[in-house]
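Asker: Would you be able to build a 3D model of this:
(chains A and B)
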Amino acid sequence: MYQYFYDLTGNTIIATLIVAVFPLVNVLLVALIGVYLERKVSAWIQDRIGPNRTGPLGLFQTVADFLKMLQKEDATSTEIDSKLYNIAPVLVFTGSFAAYAAIPFSSKLIGSEADVGIFYVLAISSLVVGGILMAGWASNNKYSMLGAMRSAAQIISYEIPTAIIVLSIVMFTGTLSLDKISDMQTASFWNWNIFGGAELGLTKFLMIPFMFIGFLIIFISTLAEVNRTPFDIPEAESELVAGYFTEYCGMKWAMFMLSEYGNMFAVSAIVSILFFGGYHSPIGYLGNSIGVEWLIPFEQAFWFLAKGWFFILVQMWLRWTLPRLRVDQLMSLCWKYLIPYAFVNLIIIGIISLL
Amino acid sequence: MNQYFKNTWLGIYTVLVGMKITFKHLFTPAVTIQYPEVKLKLPERERNRLYVNMDDCIGCDQCSRACPVNCIEIETVKSITGEDLGTTSNGKKKALWVTKFNIDFAKCCYCQLCVFPCPTDCIYMTDVFEFSEYDRNNLVYKFATLTEEEASEKKLNFEKFTAEKEAQKAEAAAKQKDEQKPAS
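Answerer: Numbers count the residues shown, from 1 in each chain, chains lettered A, B, ... in the order given. I've put the predicted structure just below:
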């Protein structure tokens, strides 16, 4: 993508800016629409109406909230460690935003076509833990501290099942590049990894149940990694006020929110790339059938965003269905259930792909 | 070991059951009543703001005496002969000018005890319940139809009338005395 814009504009700075701005716009849009949808979905599930006063159908509610946030005073406690306190939201947002560098929105819209794509995403998103711990520690508040500790414990624990399932997909496809993984699942939904990949044969049908288990595990563990209900004990309102960002207000708080929604889309994108064909259409392209080549990347971007939003909606659906887990339940779910299943799944997928 | 797989199955199954329920609720219409635009019909015997129909009021002061919190203030002036105050809708003759009929809704406890003793049914409950005010004094509702000038005029008239009557009486008494004196 960078090369494409470099050829188009002939200027490295402009090309870099365009490449960097697209995911940023995407994150902002996800946060803007995501907050609105979160409210609406929660309202529909609870038989309410939801925001409907600000603009038609309450569409400008998030915009109004954002304007309010901009005007807020940056009130801080006197006892904070102001260096860490100010860096923390930036670091958290950097961690979630940097993951977008390797995520392919379509075959032409990739920040970096690095061969270590999925590895890079897993590594860079761990930066969030550091930011959260910094926020909790620097706030000098017991609730912040507890939230940060819980969050660190949770994110680090749940990275293990995520990594194991990613490993099994990497074993199966033989590449770490997110672009190549998506490209292997082209043409039809029958070629998606959740249906055993593109190769026809006995192995494909043997693979389907284990791929399905793998999808369930990675969905649950990524849900826990982005601190969403039912795994939102780091910011449990009823216990910890607001968890690690209790002491934050205004735009710094908004940065945490932004990174939460950015993370939601990022993990949805990862799940859809690994198991649901990434940017590839499930039913073939209109551009191919009517012979318009340039339409295909746009269609791909549409399918990618549609899949991402589908998983975000599932996450919201789960959020308003399940109650919050206790800390011990959270840990036993990860260490006693997800990790053993993931390991067995890894071994079985390895054996099947050897066949 | 058996328990372990049972737990796994139960975990997945119960989550799916919950998700099915919430999915159904996604499509059930909202139960919200958008209050200022949509109002529920109040029950038949609701007790809200009082209203006094001054055309029917005879100034009997019975509501004020029935009130447990003394929120009704009534002042009346007797009419003088020759003044016609008309009749109420159920045929009672009015004999008093009601110069002041104040109900303080900040004090009112909406017990409806003032409604029952009214001989002409002129004080009753309405269905208005949204009458909040920023100043407590605005909650004192003045129902008297006479303006202040009229009220003071009526008072003066009555004073004059009584004074005249007194004078007449005094005169008559003096006359009687005069008549009685020579006789005795």
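
Asker: can I assume A:Lys108 is in contact with A:Pro297?
Answerer: Yes - at 4.2 Å, A:Lys108 and A:Pro297 qualify as touching, with contact defined as CB atoms under 8 Å. Backbone N, C-alpha and C define where each C-beta goes, glycine included.

Asker: count of residues packed around the residue of the stretch 201-350 of chain A found nearest chain B?
Answerer: Using CB to the nearest CB, A:Thr321 is the residue of the stretch 201-350 of chain A that sits closest to chain B, at 4.4 Å. As a burial measure, A:Thr321 scores 20 neighbours (other CB atoms under 10 Å in any protein chain shown).

Asker: picking up where we left off before, which residue of A:Lys108 and A:Pro297 possesses the greater neighbour count?
Answerer: Neighbour count, other CB under 10 Å: between A:Lys108 and A:Pro297, A:Pro297 has more, with 19 against 15.

Asker: What are the contacting residues of the one helix or strand that one maps to?
Answerer: For A:Pro297, the element it lies in under DSSP states H and E is helix A:295-319. Helix A:295-319 has contacts (CB atoms under 8 Å, 6 or more residues apart in numbering or on different chains) with A:30, A:34, A:37-38, A:41-42, A:45, A:104-109, A:219, A:223, A:228-230, A:264-265, A:267-269, A:271-272, A:276-282, A:285-288, B:15, B:19, B:22-23.

Asker: downstream neighbour of that helix in the secondary structure list?
Answerer: Next along the chain after helix A:295-319, taking DSSP H and E as the criterion, comes helix A:327-332.

Asker: List the buried residues for that following helix?
Answerer: Under the neighbour-count criterion of 16 or more other CB atoms under 10 Å in any protein chain shown, helix A:327-332 has A:Leu330 buried.

Asker: That one close to chain B?
Answerer: No - applying CB under 8 Å from any CB of the partner chain, one finds helix A:327-332 separated from chain B by no less than 9.7 Å.

Asker: Not counting that helix itself, show me its contacts.
Answerer: With CB under 8 Å, 6+ apart as the test, helix A:327-332 has contacts from A:Arg150, A:Ala153, A:Gln154, A:Ser157, A:Ala224, A:Phe231, A:Ile233.

Asker: Just give me the residue right at the centre of chain B.
Answerer: Centroid-nearest residue in chain B, with CA atoms, centre = their mean: B:Leu50, separated by 2.9 Å.

Asker: who's in contact with that residue?
Answerer: Counting by CB under 8 Å, 6+ apart, B:Leu50 touches B:Ile103, B:Phe105, B:Cys108, B:Cys114, B:Val115, B:Ile123, B:Tyr124, B:Met125, B:Thr126.

Asker: again, only using 6 Å
Answerer: Listed by CB atoms under 6 Å, 6 or more residues apart in numbering or on different chains, the contact set of B:Leu50 reads B:Ile103.

Asker: Mind listing the residues bridging to it?
Answerer: B:Met125 (DSSP bridges).

Asker: Would you mind measuring from it to chain A?
Answerer: B:Leu50 sits 34 Å away from chain A, going by CB to the nearest CB, to the nearest Å.

Asker: Centre of the chain to the lengthiest helix in chain A, how far?
Answerer: When chain A is parsed with DSSP state H, its longest helix is helix A:12-45. How far helix A:12-45 lies from its chain's middle: 12 Å, per CA atoms, centre = their mean, to the nearest Å.

Asker: Up against chain A, what does chain B have?
Answerer: Where chain B comes near chain A, counting by CB under 6 Å from any CB of the partner chain, the residues are B:Gly18, B:Met19, B:Thr22, B:His25, B:Leu26, B:Thr28, B:Ala30, B:Val31, B:Thr32.

Asker: Quick one, which of the residues you listed are buried?
Answerer: Buried, going by 16+ other CB under 10 Å: B:Gly18, B:Met19, B:Thr22, out of those.

Asker: Show me how to select, in PyMOL, the buried members of the contacts of helix A:295-319.
Answerer: Remark: buried members of the contacts of helix A:295-319, expressed as a PyMOL selection using 16+ other CB under 10 Å:
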select buried, (chain A and resi 30+34+37+38+41+45+104+105+106+107+109+219+223+228+229+230+264+265+267+268+269+271+272+276+277+278+279+280+281+282+285+287) or (chain B and resi 19+22)
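
Asker: returning to what we had before: reformat the contacts of helix A:327-332 as a markdown table; add distance to B:Lys92 and pLDDT.
Answerer: Shown next, in a markdown table, are the contacts of helix A:327-332 (distance: CB to CB, whole Å; pLDDT from 0 to 100):
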| residue | distance to B:Lys92 | pLDDT |
| --- | --- | --- |
| A:Arg150 | 78 | 85 |
| A:Ala153 | 83 | 86 |
| A:Gln154 | 81 | 87 |
| A:Ser157 | 86 | 87 |
| A:Ala224 | 80 | 86 |
| A:Phe231 | 76 | 83 |
| A:Ile233 | 75 | 80 |
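
Asker: Go through those residues and name the one nearest B:Lys155.
Answerer: A:Ile233 (76.3 Å; CB to CB).

Asker: Just give the nearest non-adjacent residue to that closest one, would you?
Answerer: A:Arg150 (5.1 Å; CB to CB, 6 or more residues apart in numbering or on different chains).
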